[in-house]
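Peer 1: What follows is a protein structure lacking sequence information:
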């Protein structure tokens, strides 16, 4: 109809690869939609240094045009790239800055650009489909109105905090005004993804648009077009004042806003949030505190002070080693989400999992919800029932959180078949066994399975320490045998360690990585060997934990000093979580394989614990006592006697808190370096990712290799030498570390 | 004055709640020489099945004259109307099948309750079927199946819906407490159970108007469908106005021959549908969107309204009908049920069903003289017309080489449709078939096609050669 022609809407389109703070690497298409005056596409890939200048001048041009042209009453910002509004800032650009001042400068330019939009006398509507992250969200909230598609792929978030940064383009100043102080802190301090419907409730977006099904175009294309039509309608409405950008706030929000206007209340909120942050970060992560400080500056000292604090703090954070470490992890994660073995010849469509225990059921759960037909086989009905119930419970918890409907849950569960026999295995494309960690049992199932599976089927073993080549020894087709080491709980732990033997074929590896990625895992691929990479790094550290315990440090203290270093779980608690029996098993195996280097604490202590039934969390007793519903667990007094029996004299010269931390960490790092030296690991990146996502190595340090870089290989070797002098060869630095120590310019990460 | 029999070619595409089943209604004179090359569609070895007659009580907006009745009252009135009009001896009827969507729990086999009160033999078995908006299509095709299988010669099929009253239940928690209370023996047990009742137990549970699998209401789905096919608000309003205008013309012209009067106890005799209200584009334009607020396009005026009503048809094998001296009104030739994605294609049944039923019968769109499609929403009808006219949709979603083409509007729902006549869910199918039969006769056409869509995404196409 003529309506279209009545109003001319300006569409500035941002096509973005990766986001930038502002629109780095973006293509801006400006067009006068209805009047069809201009249809100018202007792609450019500027160098990092000139980028923000060029962009901001381009943007200024557009805004000037909007203001100057009388025919234009309002504008719509929409990405023509499906799946992404703006996914964030160009990290390269930030990383390329040498000083904090340079970064602060970038921030200021961004602030100015967005302020221009905010102050535009002609309303600007952000039409959001796909990820609206970081700088993208800051742009959206600088607009006068936001319309988002109600799709799973549409998420809003400020993930800067996860990279050790803060929203640096006015986000810290606008968000509190828009959604209230508590919600703004929640968004910025957690960096969590907010779905469109939730964002609407919070007041982060003004309208939702439902995704459309097929019409005379693809659903995706038509949905974007529809979003644009609706956005133009609203832009027009805003211009002629039939639509108000003012949001009617709920009673709760009104009350909250009212309360937050009182300085005293606000101070209390700052204090509470700050305490919570300090407790959770142990002071190891500077970004959250800076976010609080920046918000505070704006609310207490006014607009200019707020914006200044934001750009300054942004600049400071960008050059911290924490931020570099987190950024490194982000890049590593992206690296580990690719299949470097290429596309497997045959896509895995039917998966069989042997063993419906905690791991087996977990593997089944992350497979069925990605659409893999999955057979879950156990040997006993009771075990199978438990496993199936675990899968149901895992999915049902998503229904309770509303991220899944009950219908979707049921339809996902229809992908799962529970059984006690090998029926249907002739159609399996991959079998993952997660049976008990005993080489004889593993051999038995491998032989049974090989008798029933088709020729192309991959056999994967989920084990934390048994060498895959040893398992494959009885296989008729060792090229199809591979290790897939999942971490517990499988549905929450992101890492998957894939282990290839000398005989494993490329295609088998490609297939395993493809399945892992489909299951949503971050995948590292390592060579076979006792303990592979992750378990092998953990071994010496846990041996040291036991020695520290024997030297009279109690479990609570060990937990406290390890978490103070940045480990998410205390070292003693970690043993309880892993299970003392499993730890014993692994320690014995690795001890046999590596000898003295894996010594330290007495393995007899573990054995006695097992004898007494102190198996850890699963048994309700380990170093601690675990009771359902009791949050503050107490130390297991039954351990006193055991610890007394194995008591060793403490060596005061290496027993300060810092020394204990370093004893644990240096053994970990030294073993990691040895894995790289021996070729178990193919790159430091995978080593860092594996340690952080599989073992909880402090993310603020970025992983063992980045830690060597930032701490200094020489300094680390000095520490190792110091402890070597007291304890002997367990601390002897490996050759690779020595090489790096001798050449200060050598870094694992450039 | 010529002895004529008609073949009804029915294609029902189903409406789930409002999905359409396409029925192809083909009327052709048996005795007349076949004009040109048109096929008779007689299947070798299968009995010809005919519609002898069909009636419905007037369709009324919910909350009006039928408000105090029960569903079986409406069904009984339709059945009595059928008996009166056909004078079929009651012992001849072998079987009765009725459709209903929102079940009254007291009369869960509403077919039987209605038949007993309508003067049918108590020896005639009856059962009730449900398939959302195509429930009476399902009742009819069930009858067709029984006759074709040689089980019966004479079947009465129909459908009933009473939207003025729907079952509203206690909450599950409350029901559980009440049921446990039945089993409690001592006063102590009873009191302890009663003491557990909390205020939220009293919150009633309404029948879901939403698709169970997607939790989306039909209106919302229709709005998205209209948007997906870029059907504008104006087009929808124009189509709705057309429906009301044509219905009014048909009503005034005495074309709605299937309507039988109903003397409602305690009220006046109801003689005509009361939802036909041609308005103006201006009036319709003023309405706010009913589902997707504030910018959607589906409004109360361009959607079918909540309706009470019942319908019934008398089906026989051709042999039996002729032997009894009836002039069949139509031959039911073929039908197809289809189903698709309940989320995004819930209301696209007719699009899928139409080409299928045509192919099955060896006909093309050009052979069809009368199209009767169920109109759940103007947007849904227009989306279906666009889908049928799209090569892209045919290729990408229907696995066809090319589009089937949209029916020409001059042959399409020319006596109004569900938007104006009303849509008592389970009663609509019979109305579509009878309208097609009457319209073919009036226009001297040969083949008709009926289509409807139903909730649950069962696009069902009943194609009747």
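Peer 2: All right, it came through fine. If you're wondering where the values come from, they're calculated on a predicted model, not measured in any experiment. Numbering: from 1, shown residues only, chains lettered A, B, ... in the order given.

Peer 1: host element of the residue in the stretch 401-550 of chain A positioned nearest to chain B?
Peer 2: Of all residues in the stretch 401-550 of chain A, residue A:407 sits closest to chain B, at 4.4 Å by CB to the nearest CB. (Glycine included, C-beta is placed from N, CA and C.) Here residue A:407, judged by DSSP states H and E, is contained in helix A:406-413.

Peer 1: Need the three-state assignment for the closest residue to residue B:143 other than its chain neighbours.
Peer 2: With CB to CB, 6 or more residues apart in numbering or on different chains as the criterion, residue B:143 has its nearest non-adjacent residue at 3.6 Å, and that residue is residue B:155. Look at residue B:155: counting by DSSP: H, G, I helix; E, B strand; the rest coil, its state is strand.

Peer 1: Secondary structure element for the residue sitting furthest away from the middle of chain B, which one?
Peer 2: Largest separation from the mean C-alpha position in chain B: residue B:188, at 52.6 Å (CA atoms, centre = their mean). Using DSSP H and E, residue B:188 sits within helix B:187-194.

Peer 1: If you count contacts, what does that helix end up packed against?
Peer 2: helix B:172-183 (3 or more CB pairs under 8 Å, 6 or more residues apart in numbering or on different chains; DSSP states H and E).

Peer 1: Run the chain-centre distance for the helix it packs on.
Peer 2: A distance of 37 Å separates the C-alpha centroid of helix B:172-183 from that of its chain, computed with CA atoms, centre = their mean, to the nearest Å.

Peer 1: what is the mean pLDDT for that helix?
Peer 2: The average pLDDT for helix B:172-183 rounds to 91.

Peer 1: so how many other residues sit close to the closest residue to residue B:146 other than its chain neighbours?
Peer 2: Leaving aside its sequence neighbours, residue B:146 sits nearest to residue B:152 (CB to CB, 6+ apart; 4.7 Å). If you count neighbours by other CB atoms under 10 Å in any protein chain shown, residue B:152 ends up with 19.

Peer 1: Confirm residue A:352 sits in a strand?
Peer 2: Yes. Residue A:352: assigned to a strand according to three-state DSSP.

Peer 1: in chain A, what residue is nearest chain B?
Peer 2: For chain A, CB to the nearest CB, closest residue to chain B: residue A:213, 2.2 Å.

Peer 1: residue contacts, residue 148?
Peer 2: Defaulting to chain A. Contact analysis of residue A:148 by CB atoms under 8 Å, 6 or more residues apart in numbering or on different chains lists A:127-129, A:132, A:154, A:156, A:196, A:199-200, A:205, A:207-209.

Peer 1: looking at chain B here, not the other one
Peer 2: B:46-47, B:49.

Peer 1: Find the helix or strand that residue B:436 is a member of.
Peer 2: With DSSP H and E as the test, residue B:436 turns up in helix B:428-443.

Peer 1: And that helix, what's buried?
Peer 2: Judged by neighbour count (16 or more other CB atoms under 10 Å in any protein chain shown), helix B:428-443 contains these buried residues: B:428-441.

Peer 1: Same list (those) but as CSV, adding pLDDT and distance to residue A:315.
Peer 2: CSV is the format used below for those (pLDDT from 0 to 100; distance: CB to CB, whole Å):
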residue, pLDDT, distance to residue A:315
B:428, 94, 69
B:429, 92, 71
B:430, 94, 76
B:431, 95, 73
B:432, 93, 71
B:433, 92, 76
B:434, 93, 79
B:435, 93, 75
B:436, 91, 76
B:437, 91, 81
B:438, 93, 81
B:439, 91, 78
B:440, 89, 80
B:441, 89, 85
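
Peer 1: how about these in JSON lines, adding distance to chain A?
Peer 2: Formatted as JSON lines, the buried residues of helix B:428-443 follow (distance: CB to the nearest CB, whole Å):
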{"residue": "B:428", "distance to chain A": "24"}
{"residue": "B:429", "distance to chain A": "25"}
{"residue": "B:430", "distance to chain A": "30"}
{"residue": "B:431", "distance to chain A": "28"}
{"residue": "B:432", "distance to chain A": "25"}
{"residue": "B:433", "distance to chain A": "29"}
{"residue": "B:434", "distance to chain A": "33"}
{"residue": "B:435", "distance to chain A": "29"}
{"residue": "B:436", "distance to chain A": "28"}
{"residue": "B:437", "distance to chain A": "34"}
{"residue": "B:438", "distance to chain A": "34"}
{"residue": "B:439", "distance to chain A": "30"}
{"residue": "B:440", "distance to chain A": "32"}
{"residue": "B:441", "distance to chain A": "36"}
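
Peer 1: Nearest to residue B:107 among those residues?
Peer 2: residue B:430 (19.2 Å; CB to CB).

Peer 1: how about the strands in chain B?
Peer 2: B:11-12, B:21-26, B:49-56, B:60-61, B:95-99, B:126-129, B:154-162, B:262-263, B:269-270, B:307-317, B:330-332, B:368-373, B:447-452, B:462-463 (DSSP state E).
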